[in-house]
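Novice: after the sequence you'll find the predicted model.
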4 protein chains.
Amino acid sequence: MSVKLDAADLNAFMAAQFPQVAAQFHVEHVSPMAAEVRLKVTDAHLRPGGTISGPSMFSLADLAMYAVTLAMIGPVALTVTTNCAIDFMRKPIAGRDLIGSARLHKLGRTLAVGDVLIRSEGSDDVVARASLTYAIPPAR
Amino acid sequence: MSVKLDAADLNAFMAAQFPQVAAQFHVEHVSPMAAEVRLKVTDAHLRPGGTISGPSMFSLADLAMYAVTLAMIGPVALTVTTNCAIDFMRKPIAGRDLIGSARLHKLGRTLAVGDVLIRSEGSDDVVARASLTYAIPPAR
Amino acid sequence: MSVKLDAADLNAFMAAQFPQVAAQFHVEHVSPMAAEVRLKVTDAHLRPGGTISGPSMFSLADLAMYAVTLAMIGPVALTVTTNCAIDFMRKPIAGRDLIGSARLHKLGRTLAVGDVLIRSEGSDDVVARASLTYAIPPAR
Amino acid sequence: MSVKLDAADLNAFMAAQFPQVAAQFHVEHVSPMAAEVRLKVTDAHLRPGGTISGPSMFSLADLAMYAVTLAMIGPVALTVTTNCAIDFMRKPIAGRDLIGSARLHKLGRTLAVGDVLIRSEGSDDVVARASLTYAIPPAR
């Protein structure tokens, strides 16, 4: 099983599809059934107490899953999230970007199911974990 | 059981705590163990295909749960989401705001657990549903 | 929208399909997009501390969702659960059956999505809540 | 970080606490923050179509998470599941036991959060995955 889009392809595709969103993220690395995506943390992502907002972490999980799915199936823009369960576990380390590591457990014709672990860059501690399901449109 | 903060209190509190975020939302109505929050949909919330982005809906679910929790316990800013499961079911109706209706099922000393149903304004169809757990800091 | 199977039909269908499981449950009531199912609690469902086991509550949620889905689509035995998120909130009341109240939020061609609230019989307090997705096989 | 209970300790503890349940499972292996548990599949776990029932897989996920948590904190019987999100992805291989591989992402004073991957014995394909939160009682 090989990837149809590499990290550079994915960054270019997302910049073309939704430029404002894509500017906050960077696909770092892609391999079969796995991807690593960076959230470039800015003040806009912070909440009282200095933590990174839940929606920012959800966005990272969602984008990492989107990246690994598209890496495997190619540029299908209308692929959509149908379900996400996310646990927020630790406060991220201040002043660091977040790295989301996604892996696919299942890639079917109509559904992709995977997990994302989110950590502060350079740390082993899991800040949040998410499981997501993506629906793949039939006409590909 | 009565509310400690009404809709006007919550809107003022959130505008003071995180102004950029709060500007996108409006607490419409609060009653014991329930709250209704509006997402003022703009182009920034849209994704290819004209749908509202998953992170925007997650934000609405999160804020509606935050609103109902604070309505019941008072202004505890450091209350944080520990868990969320969200299902995205239908495309929202174009050009309409989203309304998130939250109700609490449990309000304990340290945890609040509730559900949020998200609909396009004026429609009965559920666009997304979420269940969330909030951790309440001990020192209140 | 009307039901294709009523409570008596569902009890008969489940008794025929998986008799050992069905004997623990009873479909109490069915209406469009909603169903109520009883778990007949016995010692086999209890855990240390006198609570009802998590798997027993999961089973009730799963069966209530199965009941409401089949009520709407008819007797499609191979309908399967693809996803469940469940929160356990309170200890059930000792010596009482559990009632699971399911409602469907979406009934598509291939997926059904719904919620189940579980309470001790005669009580308003929610013991557990679950959201579930069922996959409906194409050939119906 | 070392384990307080090994696989033999856990099997003995569970057989003493809830013998009927424990007889269906076997803790195979324990290491820091990880455990592997077998579900001894019998006809009682099967559903129409030859698949293993959702509740059986939920039970395995729950028990594997319980095993890894107790391995780390010692024999605290009243530790309870507060939340589980589970995805069912593939039909298990007929005639084989299921193996649940649990790992903890967070072990706090009051909460443990982890993941479980379920596979048919001898296969790499993930049949189901679950994330669970356990509440640890304060008086330990």
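Specialist: Happy to help now that I have it.
Novice: now tell me which helix or strand of chain A has the poorest mean pLDDT.
Specialist: helix A:19-22 (a mean of 86; mean pLDDT, DSSP states H and E).
Novice: and that one, what does it pack onto?
Specialist: Applying 3 or more CB pairs under 8 Å, 6 or more residues apart in numbering or on different chains; DSSP states H and E, one finds that helix A:19-22 contacts helix A:7-17. (C-beta placed from N, C-alpha, C; glycine too.)
Novice: packing partners for the helix it packs on?
Specialist: helix A:19-22, strand A:25-31, helix A:54-73.
Novice: let's see that with 6 Å instead.
Specialist: Counting contacts by 3 or more CB pairs under 6 Å, 6 or more residues apart in numbering or on different chains; DSSP states H and E, helix A:7-17 is packed against strand A:25-31.
Novice: relative to strand B:80-88, how tilted is the helix or strand encompassing residue A:87?
Specialist: Using DSSP states H and E, residue A:87 falls within strand A:80-88. Interaxial angle, strand A:80-88 versus strand B:80-88 (axes from the mean of the first three to the mean of the last three CA atoms, to 10 degrees): 160 degrees.
Novice: output strand A:80-88 as CSV, nothing but the C-alphas.
Specialist: C-alpha atoms of strand A:80-88 as CSV (Å, rounded to 0.1, in the frame of the first residue of the first chain):
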residue,chain,number,x,y,z
VAL,A,80,-16.3,14.7,5.5
THR,A,81,-16.1,13.9,9.2
THR,A,82,-19.1,11.9,10.4
ASN,A,83,-18.0,11.2,14.0
CYS,A,84,-15.3,12.2,16.5
ALA,A,85,-14.6,11.2,20.1
ILE,A,86,-11.9,13.3,21.7
ASP,A,87,-10.3,13.2,25.2
PHE,A,88,-8.4,16.2,26.5
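Novice: following that strand, which helix or strand comes up?
Specialist: Downstream of strand A:80-88 (by DSSP H and E), the next one is strand A:98-107.
Novice: tell me how far that next one lies from the chain's centre.
Specialist: Distance of strand A:98-107 from its chain centroid, counting by CA atoms, centre = their mean, to the nearest Å, is 7 Å.
Novice: any idea how far residue A:2 is from residue C:98?
Specialist: As for residue A:2, its distance to residue C:98 is 50 Å (criterion: CB to CB, to the nearest Å).
Novice: the two - which one has more neighbours?
Specialist: residue C:98 (25 against 7; other CB atoms under 10 Å in any protein chain shown).
Novice: nearest spatial neighbour of that one, chain-adjacent residues omitted?
Specialist: Excluding its sequence neighbours, the residue lying closest to residue C:98 (CB to CB, 6 or more residues apart in numbering or on different chains) is residue C:39, at 4.4 Å.
Novice: could you report the neighbour count for residue A:19?
Specialist: 9.
Novice: before we move on, what about residue A:62?
Specialist: Quick note: residue A:62 (other CB under 10 Å) scores 26 neighbours.
Novice: pretty sure it is touching residue B:54, no?
Specialist: Yes. The pair residue A:62 / residue B:54 is scored as a contact, 5.3 Å apart, by CB atoms under 6 Å.
Novice: follow-up on the earlier one: so what secondary structure elements neighbour the strand holding residue A:87?
Specialist: Using 3+ CB pairs under 6 Å, 6+ apart, strand A:80-88 sits against strand A:126-135, strand B:80-88.
Novice: what's next to the least confident helix or strand of chain A, contact-wise?
Specialist: A:14, A:15 (CB atoms under 6 Å, 6 or more residues apart in numbering or on different chains).
Novice: quick check: buried residues in it?
Specialist: A:21, A:22 (16 or more other CB atoms under 10 Å in any protein chain shown).
Novice: about what we covered before: make a markdown table out of the helices and strands packed on strand A:80-88 and add mean neighbour count.
Specialist: Shown next, in a markdown table, are these (neighbours: other CB atoms under 10 Å in any protein chain shown):
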| stretch | mean neighbour count |
| --- | --- |
| strand A:126-135 | 24 |
| strand B:80-88 | 24 |
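Novice: can you redo these as a markdown table with mean pLDDT and distance to residue D:20?
Specialist: Shown next, in a markdown table, are the helices and strands packed on strand A:80-88 (pLDDT from 0 to 100; distance: least, CB to CB, whole Å):
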| stretch | mean pLDDT | distance to residue D:20 |
| --- | --- | --- |
| strand A:126-135 | 97 | 31 |
| strand B:80-88 | 96 | 30 |
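Novice: to residue D:131, which of those lies closest?
Specialist: strand A:126-135 (6.1 Å; CB to CB).
Novice: quick check: neighbours of the closest one in the sheet, parallel or antiparallel?
Specialist: Sheet pairing of strand A:126-135 (DSSP bridges) gives strand A:80-88 (antiparallel), strand A:111-120 (antiparallel).
Novice: could you dump the ones you listed into JSON lines with distance to residue D:73 added?
Specialist: Formatted as JSON lines, those follow (distance: least, CB to CB, whole Å):
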{"stretch": "strand A:80-88", "distance to residue D:73": "19"}
{"stretch": "strand A:111-120", "distance to residue D:73": "23"}
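Novice: circling back to that earlier point, report the distance from the strand holding residue A:87 to the chain centre.
Specialist: Relative to its parent chain, strand A:80-88 has a centroid offset of 11 Å by CA atoms, centre = their mean.
Novice: contacting residues around it?
Specialist: Contacts of strand A:80-88 (CB under 6 Å, 6+ apart): A:62, A:128-135, B:54, B:81-88, C:83, C:85, D:85, D:113.
Novice: and it with strand D:98-107, angle?
Specialist: Using the same axes, to 10 degrees: strand A:80-88 against strand D:98-107 is 60 degrees.
Novice: got the angle for strand A:80-88 vs helix A:54-73?
Specialist: Using the same axes, to 10 degrees: strand A:80-88 against helix A:54-73 is 130 degrees.
Novice: from start to finish, how long is stretch A:118-138 in a straight line?
Specialist: 30 Å (CA to CA, to the nearest Å).
Novice: off-centre distance for it?
Specialist: From the chain centre to the centre of stretch A:118-138 is a distance of 6 Å (CA atoms, centre = their mean).
Novice: can you check stretch A:86-101 too?
Specialist: The answer for stretch A:86-101 is 13 Å, by CA atoms, centre = their mean.
Novice: now stretch A:75-91
Specialist: Distance, centroid of stretch A:75-91 to centroid of chain: 7 Å (CA atoms, centre = their mean).
Novice: residue ranges with poor pLDDT in chain A?
Specialist: Counting by pLDDT under 70, the ranges of chain A that qualify are A:139-140.
Novice: for chain D, what is the nearest residue in chain A?
Specialist: residue A:85 (3.4 Å; CB to the nearest CB).
Novice: if I look at that residue, how far off is residue C:94?
Specialist: 31 Å.
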